[in-house]
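take this sequence and fold it.
(2 chains)
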Amino acid sequence: MNDMDIANSAPADRPPGPASPDLTAAQPAPAQGIRTRKSKTTVRPGDRIFLGLSRGSGILLLVIMAAIAVFLTVRATHALSQDEGNFLTTFEWSANTDPPVFGIAVLAFGTVVSSLIAMLLAVPVAVGIALFISHYAPRRLAAPLSYVIDLLAAVPSIVYGLWGALFLVPHLGGLYGWFDTYFGWTGVLAYHDGAARSLFTIGILLAIMILPIVTSVSREVFRQAPKMHEEAALALGATRWEVIRMAVLPFGRSGVISASMLGLGRALGETMAVATVLSPSFLISTSLLDPGGGTFAQNIASSFKESGETGKDALIASGLVLFVLTLLVNGAARMIIARRKEFS
Amino acid sequence: MSDVTTTRPTAADAAPLPAAALHQPRLPRWTPAALAALALAAGCGIGLGAGMDSTVQWGLIAAVLYVGLTYGLTARVEGRRQAKDRLATSLVWMCFLIAVVPLVSLIWETVARGSKVLDGGFLSHSMAGVLTIQPGGGVYHAIIGTLEQVGIATAIAAPVGLLTAIYLVEYGRGRLARAVTFFVDVMTGVPSIVAGLFILSFWIIMLDNGYSGFAGSMALAILMMPVVVRSTEEMLKLVPNELREASLALGVPKWRTILKVVLPTAIGGIATGVMLAVARVAGESAPIVLLVFGSQAINNNPFEGAQSSLPYYIYEQWAAGNDASYDRAWAAALVLIAFVMILNLVARGIARWKAPKAGR
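Prediction:
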């Protein structure tokens, strides 16, 4: 019998638990003391084929990730070699003219600003919902209610776009007018009449779209807050809010940070909802409420069909920037989660 | 913390105290409900009186009134700490309501506006020969496209994802497994448009293939794989180790143990995971815009020529920008949402029905 090492394999080391997929992100448990008897065994052909297949598909995933980076880089360098403008600072996207002139300044600004607005709006609400589900809702309602929030994630992004463009935009005009009346002097919140197809609207829409992921990750973290601390605080006479502030929130802080970064990663790459709602222009407007601006993903989807060969390469170059950006944000979020796991 | 403990009587002098001394004055249990009703009525009254036409404003007024009233009343009767507690409670409840509002609005709008043109003819006709400003036409070609593209994507992604998860749980150790785990996580965050650009530069620009449903399927498969791996991994970890040990002790080879013992035990959860991944991918439109290119007519062959798909159809009809096309866009959105929600519900149903009985 040469397969006894199964007893030491990963599942045995970890207690089975209903953790969310996003949280169990760390490495598989390290194996101890099983490398000793590899030499004398005769491995059955079936086993060898099966191991080869499953290891092969693992490697395939790595190859795909590497290929994404390589192919995008190849096309992007091709585009950059033809760019007559400065790729980082040019306020223009004329990739199909001869000579091509394009730069990502406006796109980077729009992407970062709309995603930050989305995070500012979504994270407090998501933390509230997570607390609601983990600590406030009646216990029997908690599961159905969290399912309702998950339904928000199931709605396709294009439907959000349609709803945003045909329902949300007409309804936001009033609110923006109010902003303009009272905060218009700041310049940032000035609003001149017109459809509210602006970066701020995108921010609101993205906030709704990233709410479920931020909620579900924070919820899992709050659930894991040590029960003993909570009970100790209750025994000292603390109210429920004091328990949360003293025992739950400090414990969950890093989890909430990584949850919001995962949400940020989603918001950065969102395409179709932005492409339907935003009315793009290659200007950086000081007002967030006025139409204009653009994001990486939106620009790729909107200008793809009119693009020639160089135009497509230019879009791929901007896609590479987006890829690196999301990679950094997501990688950082995963690092925080993994570090947290080691300590708790 | 000091204010929490100082008022507490010690064990020694607790006995002779009358019961009243240990009790703070408390509001009756029905207070929040009564205050909520009061605030709601006042909000509606003020809204009507001031002639505001937006019900959202009424709701906001009512919410502010409720929070203020609760805080004030509790602070007077029960003290500052209790008031803060109630404030937090009402804010947390409000967060939840805020999240439900867009969901309800979105589903309501889609059903109300989508059911206008949704009928048998809409589901069984394509857009061939229909001008965008004309009423009529349908989504048949888009449904065909979605089913084929998502089907092929699942056929690629499900086996790869499943095998990767088996590798990670049953064999995985060492540096390779750690790298795979990390990159599966990173891959979950790859924006769909980037997956589309990758297939574009690889399959269409470098290998010089035309736009086709298959190109779209490959991008969708890239988006599906990490989701399948993650959920399958979770499920395989729930399979009790005793089952594996029992099978191995009988002399069954490891690969047969996995196929005949581990997988059947977890099959419900795995099916759920795959279906949730399908539901997620069925709504993707960004790669379709880049790779499938869209078409007005029925194209049954996913390997040759442009196709359409439901999300793309919605985008196209929205972009046409007239009343007839908006109607079609909403109807297609209703079809898509119904498809995705049914997949979700069935998947969760399977999960409950076939949940592995972990040894607890």
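
so who does the residue nearest to B:Ser105 when sequence neighbours are not counted touch?
Excluding its sequence neighbours, the residue lying closest to B:Ser105 (Cβ to Cβ, 6 or more residues apart in numbering or on different chains) is A:Phe167, at 7.0 Å. (Glycine included, C-beta is placed from N, CA and C.) Contact partners of A:Phe167, counting by Cβ atoms under 8 Å, 6 or more residues apart in numbering or on different chains, are B:105-106, B:109.

quick check: A:Phe167 vs B:Trp108, distance?
10 Å (Cβ to Cβ, to the nearest Å).

how's chain B carved up into domains?
B:23-114, B:140-353 (automatic domain parsing).

helix or strand: which one has residue 229?
No chain specified, so I'll use chain A. Assigned by DSSP states H and E, A:His229 belongs to helix A:227-235.

chain B, not that one
helix B:213-238.

which helices and strands does the helix or strand just after that helix pack with?
Next helix or strand after helix B:213-238 toward the C-terminus (DSSP H and E): helix B:241-249. The helices and strands touching helix B:241-249, judged by 3 or more Cβ pairs under 8 Å, 6 or more residues apart in numbering or on different chains; DSSP states H and E, are helix B:254-257.

is any residue of the next helix or strand after the helix it packs on near chain A?
Per DSSP H and E, the first helix or strand lying C-terminal to helix B:254-257 is helix B:263-282. Yes - residues of helix B:263-282 contacting chain A under Cβ under 8 Å from any Cβ of the partner chain: B:279-280, B:282.

and helix B:263-282, what other elements does it pack with?
helix B:140-166, helix B:213-238, helix B:323-353.

between those, which one is closest to B:Leu259.
helix B:140-166 (9.5 Å; Cβ to Cβ).

so which elements touch the next helix or strand after that closest one?
Once helix B:140-166 ends, the next helix or strand along the chain (criterion: DSSP H and E) is helix B:174-188. Applying 3+ Cβ pairs under 8 Å, 6+ apart, we find helix B:174-188 packed against helix A:45-82, helix A:309-343, helix B:213-238.

switch the cut-off to 6 Å
If contacts are counted by 3 or more Cβ pairs under 6 Å, 6 or more residues apart in numbering or on different chains; DSSP states H and E, helix B:174-188 sits against helix A:45-82, helix B:213-238.

tell me which residue is most central in chain B.
B:Arg280 (7.7 Å; Cα atoms, centre = their mean).

what's the burial count for the closest residue in space to that residue that isn't next to it in sequence?
Distance criterion Cβ to Cβ, 6+ apart; nearest residue to B:Arg280, sequence neighbours excluded, is B:Val227 at 6.3 Å. Neighbour count for B:Val227, taken as other Cβ atoms under 10 Å in any protein chain shown: 23.

isn't B:Val227 right up against B:Ala277?
Yes - using Cβ atoms under 6 Å as the test, B:Val227 is close enough to B:Ala277 to be in contact (4.0 Å).

so what sits against both of those two?
Residues touching both B:Val227 and B:Ala277 (Cβ atoms under 6 Å, 6 or more residues apart in numbering or on different chains): none.

now the helices for the stretch 151-300 of chain A?
A:157-163, A:169-183, A:199-223, A:227-235, A:240-243, A:249-269, A:272-277, A:296-303 (DSSP state H, counting those that start in this stretch).

give me the contact list for the shortest one.
This points to helix A:240-243. A:230, A:233-234, B:84-85, B:88.

are any of those residues buried, and which?
A:230, A:233, B:84-85, B:88 (16 or more other Cβ atoms under 10 Å in any protein chain shown).

now A:Ser94. Its backbone dihedrals?
In terms of degrees, to the nearest 10, the main-chain angles of A:Ser94 are phi -110, psi 70.

quick check: chain neighbours aside, which residue is closest to it?
That would be A:Val101: by Cβ to Cβ, 6+ apart, it lies 4.9 Å from A:Ser94.

quick one: pLDDT of B:Ala279?
On pLDDT, B:Ala279 comes in at 89.

what sits closest to B:Leu162 if chain neighbours are left out?
Using Cβ to Cβ, 6+ apart, the nearest residue to B:Leu162 is B:Thr232, at 5.6 Å.

mind listing what that neighbour touches?
Counted by Cβ under 6 Å, 6+ apart, B:Thr232 has contacts B:162, B:165, B:270, B:273.

make TSV out of the residues you listed and add neighbour count.
Output for the contacts of B:Thr232, formatted as TSV (neighbours: other Cβ atoms under 10 Å in any protein chain shown):
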residue	neighbour count
B:Leu162	22
B:Ala165	29
B:Ile270	27
B:Gly273	28
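
need those in TSV (columns: pLDDT).
Below are these laid out as TSV (pLDDT from 0 to 100):
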residue	pLDDT
B:Leu162	94
B:Ala165	94
B:Ile270	90
B:Gly273	88
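
what's the farthest-apart pair in the contacts of helix A:240-243?
That would be A:Glu230 and B:Lys84, which, of the contacts of helix A:240-243, are the farthest apart (Cβ to Cβ) at 17.4 Å.

please work out which residue of the stretch 251-360 of chain B is closest to chain A.
B:Gly283 (2.4 Å; Cβ to the nearest Cβ).

surely that residue meets A:Pro156?
Yes - using Cβ under 6 Å, B:Gly283 is in contact with A:Pro156, at 2.4 Å.

so is stretch B:76-86 next to chain A?
Yes - interface with chain A: stretch B:76-86 contributes B:81, B:84-85 (Cβ under 6 Å from any Cβ of the partner chain).

ok, the residue nearest to the centre of chain B to B:Arg230 distance?
12 Å.

show me where the chain dips below the pLDDT cut-off.
Since no chain was named, I'll use chain A. Applying pLDDT under 70 to chain A flags the ranges A:1-42, A:341-344.

switch to chain B, that's the one I care about
For chain B (pLDDT under 70), the answer is B:1-22, B:51-55, B:354-360.

looking at it, which helix is longest?
What stands out as the longest helix in chain B, according to DSSP state H, is helix B:80-114.

next SSE after it?
Counting by DSSP H and E, what follows helix B:80-114 is helix B:120-124.

contacts for that next one next, please.
Contacts of helix B:120-124 (Cβ under 6 Å, 6+ apart): B:138, B:140, B:331.

give me the nearest residue to the second one, chain neighbours excluded.
Counting by Cβ to Cβ, 6+ apart, B:Tyr140 lies nearest to B:Ser126, which is 5.0 Å off, once chain neighbours are set aside.

tell me, how many residues neighbour that neighbour?
21.

residues touching it, list them.
Contacts of B:Ser126 by Cβ under 6 Å, 6+ apart are B:140-141, B:297-298.

how about those, which pair is most distant?
B:Tyr140 and B:Ala297 (10.1 Å).

and these two? Which one has more around it.
B:Tyr140 (18 against 13).

OK, contacts around that one?
Counting by Cβ under 6 Å, 6+ apart, B:Tyr140 has contacts B:124-126.

likewise A:Ser54?
B:163, B:166-167 are the contacts of A:Ser54 under Cβ under 6 Å, 6+ apart.

need the nearest residue in space to B:Gly72, chain neighbours excluded.
B:Ala83 (7.9 Å).

correct me if wrong: that neighbour contacts B:Thr74.
Yes - with contact defined as Cβ under 6 Å, B:Ala83 reaches B:Thr74; the gap is 4.0 Å.
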